[in-house]
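In: Sequence first, then the predicted structure:
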Amino acid sequence: MNRLRASLVACGASCLVLACSEQPVAGNSSETENTASAREISVDSLYYGWLPYPFHATVATLRLDSSTLDFSKVDSAGSELTVESLEGRQLPFERIFWDRAASRGRLRVRLQGSLLQHGARFRLRWGSTVRGVPDSASVWDSISSFQRMLMTSVLVDDFEHGSLKSLLPDTATWKAVAGAGATASPLKLADAGRGRDGIALMLTYTAEAVSGKYAGINVKLSPRPISLRALDSIELMVRGTGRLSVTLDRPEGNTAPKTWARMNIDTTWKRIRVRPQDFDPADGVGGNIGWTRMRDSITHLTFLMEGGKELWIDDVRLHGIVLDDLR
């Protein structure tokens with residue numbers, strides 16, 4: 001088993017391969033075969049055997065784009081969508097986001113019972129007068145918060161494996177970065193200290209507290225620009241001195257379009273969580289184009305420092321993302 005497949009099995013990512021072309025389907029007596037359409041989905045294309053211990057239900061992530069669905073045939077809010085068994089029984093689902101103009105959408109669907117068997121199929125249906133109602137509570141019923149975290153987040157790194165290679169599918173390496181007028185020493189793995197057990201990643205640097213002078217740490221999330229629209233938040237433990245910018249960017253030659261959230265940190269370990277709504281509005285400073293323009297073309301996660309001398313990070317996790325998003 002290659003590293004990507006092993007990571008998918010261990011961490012709860014899922015992917016969607018639509019098993020057949022779009023098909024008209026008949027609904028109730030007031031509907032014709034031309035008013036409702038559907039796509040069948042094979043559960044064999046979903047990595048649902050994620051956890052190393054058995055449990056009797058799982059949640060699949062359906063990542064939809066123009067290659068899998070004609071968005072022009074679905075309403076602007078995605079409210080016409082229904083997820084159902086081939087027998088017409090509605091399945092619990094939740095809508096993560098829906099953007100008809102960009103032909104992007106995401107659903108999470110509860111699969112259990114016969115749908116967890118080899119060869120099982122279910123259906124994504126639209127245009128029907130019988131519509132499913134998103135129901136997050138039913139999607140996650142009886143699934144523990146720990147299991148839910150495994151299925152809806154990616155651990156980028158906890159630094160306990162003794163390497164600068166991340167835990168991401170392509171084992172991308174953490175790197176020190178420095179802009180003009182700043183310096184960065186080689187990264188080190190060291191005892192976290194300051195009341196925290198385990199190992200953390202540490203950078204020493206010089207970067208005056210002057211706009212445009214930054215040093216920091218980054219890791220490549222994907223070798224190609226990816227969409228992180230489903231991102232709920234970036235979470236990590238951090239300590240240091242100076243002003244931290246939690247950044248999603250795409251280095252291109254001498255430029256790096258980005259979106260970032262900036263905050264002061266101190267020498268005490270703190271858990272921080274940055275959500276898309278926390279990113280600064282687009283203002284052009286440092287290449288900041290804002291979340292809306294950046295969210296569909298990201299390659300790197302970067303932690304930049306302005307002022308201070310040290311940056312320590314640990315337990316970096318992306319919530320709302322599955323490993324397939326980083327492929």
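Out: Happy to help now that I have it. Numbering: from 1, shown residues only.

In: Isn't Asn264 up against Thr241?
Out: No. Asn264 is beyond contact range of Thr241, at 9.1 Å (criterion: Cβ atoms under 8 Å). Using the backbone N, CA and C atoms, a C-beta is placed for each residue, glycine as well.

In: Looking at the two, which is more packed in?
Out: Comparing Asn264 with Thr241 by other Cβ atoms under 10 Å, the one with more neighbours is Thr241, at 15 against 12.

In: wait, what's in contact with the closest residue to that one other than its chain neighbours?
Out: Distance criterion Cβ to Cβ, 6 or more residues apart in numbering; nearest residue to Thr241, sequence neighbours excluded, is Gly308 at 3.4 Å. Gly308 sits next to 205, 207, 209, 240-243 when contact means Cβ atoms under 8 Å, 6 or more residues apart in numbering.

In: between those residues, which has the most around it?
Out: Ala207 (25 neighbours).

In: Just the residues contacting stretch 188-206, thanks.
Out: 157-160, 162-164, 174, 176, 178, 182-185, 187, 215-217, 237, 239, 267-269, 305, 308-314.

In: May I have the secondary structure class of Leu318?
Out: strand (DSSP: H, G, I helix; E, B strand; the rest coil).

In: residue contacts, the nearest residue to it once chain neighbours are set aside?
Out: Nearest in space to Leu318, with sequence neighbours left out and distances taken as Cβ to Cβ, 6+ apart, is Val154 at 4.7 Å. The neighbourhood of Val154, defined by Cβ under 8 Å, 6+ apart, consists of 11, 13, 168, 317-318, 321-323, 325-326.

In: likewise Ser233?
Out: Residues counted as contacts of Ser233 (Cβ under 8 Å, 6+ apart) are 273-276, 318-320.

In: Give me the buried entries from those.
Out: 274, 276, 318-320 (16 or more other Cβ atoms under 10 Å).

In: I'd say Leu228 and Ser297 touch.
Out: No. At 9.5 Å, Leu228 and Ser297 do not qualify as touching, with contact defined as Cβ under 8 Å.

In: thinking again about what came up before, which SS state does the residue nearest to Leu318 fall under?
Out: Going by three-state DSSP: Val154 is strand.

In: Same question for Asp141.
Out: coil.

In: returning to that earlier point: which residues are common contacts for Asn264 and Thr241?
Out: Joint contacts of Asn264 and Thr241 (Cβ under 8 Å, 6+ apart) do not exist.

In: if we can go back for a sec, among Leu228 and Ser297, which residue is more densely surrounded?
Out: Higher neighbour count among Leu228 and Ser297: Leu228, with 22 against 17, using other Cβ under 10 Å.

In: Nearest spatial neighbour of the more buried one, chain-adjacent residues omitted?
Out: The shortest distance from Leu228 to any non-neighbouring residue, by Cβ to Cβ, 6+ apart, is to Ile298 (5.4 Å).

In: same check, this time on Ser222
Out: Per Cβ to Cβ, 6+ apart, closest to Ser222 is Leu326, 4.9 Å.

In: and the gap between that neighbour and Leu248?
Out: Distance, Leu326 to Leu248, using Cβ to Cβ, to the nearest Å: 12 Å.

In: circling back: what residues are bridge-paired with the residue nearest to Leu228?
Out: Ile226 (DSSP bridges).

In: Give me the neighbour count for it.
Out: When neighbours are counted by other Cβ under 10 Å, Ile298 registers 23.

In: Please report the distance of it from Arg108.
Out: From Ile298 across to Arg108, the span is 21 Å (Cβ to Cβ).

In: Pull the contacting residues for Asp157.
Out: 166-168, 174, 201, 219, 315-316.

In: pLDDT score assigned to Leu326?
Out: The model reports Leu326 with a pLDDT of 90.

In: oh, I was asking about Asn288
Out: 95.

In: and it, bridged to which residues?
Out: Residues in beta-bridge contact with Asn288 (DSSP bridges): Lys258.

In: OK, contacts around it?
Out: Contacts of Asn288 (Cβ under 8 Å, 6+ apart): 258-260, 280, 282.

In: for the stretch 201-327 of the chain, what spans make up the strands?
Out: Assigned by DSSP state E, counting those that start in this stretch, the stretch 201-327 of the chain shows strands spanning 215-220, 233-240, 242-249, 258-265, 270-274, 300-306, 310-319.

In: Export those strands as CSV, with columns for distance to Phe146.
Out: Formatted as CSV, the strands of the stretch 201-327 of the chain follow (distance: least, Cβ to Cβ, whole Å):
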stretch, distance to Phe146
strand 215-220, 25
strand 233-240, 15
strand 242-249, 25
strand 258-265, 27
strand 270-274, 17
strand 300-306, 24
strand 310-319, 13
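
In: Pipe those into a markdown table and attach mean pLDDT and distance to Thr61 per row.
Out: Output for the strands of the stretch 201-327 of the chain, formatted as a markdown table (pLDDT from 0 to 100; distance: least, Cβ to Cβ, whole Å):
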| stretch | mean pLDDT | distance to Thr61 |
| --- | --- | --- |
| strand 215-220 | 97 | 22 |
| strand 233-240 | 98 | 17 |
| strand 242-249 | 97 | 20 |
| strand 258-265 | 97 | 23 |
| strand 270-274 | 98 | 21 |
| strand 300-306 | 97 | 20 |
| strand 310-319 | 98 | 13 |
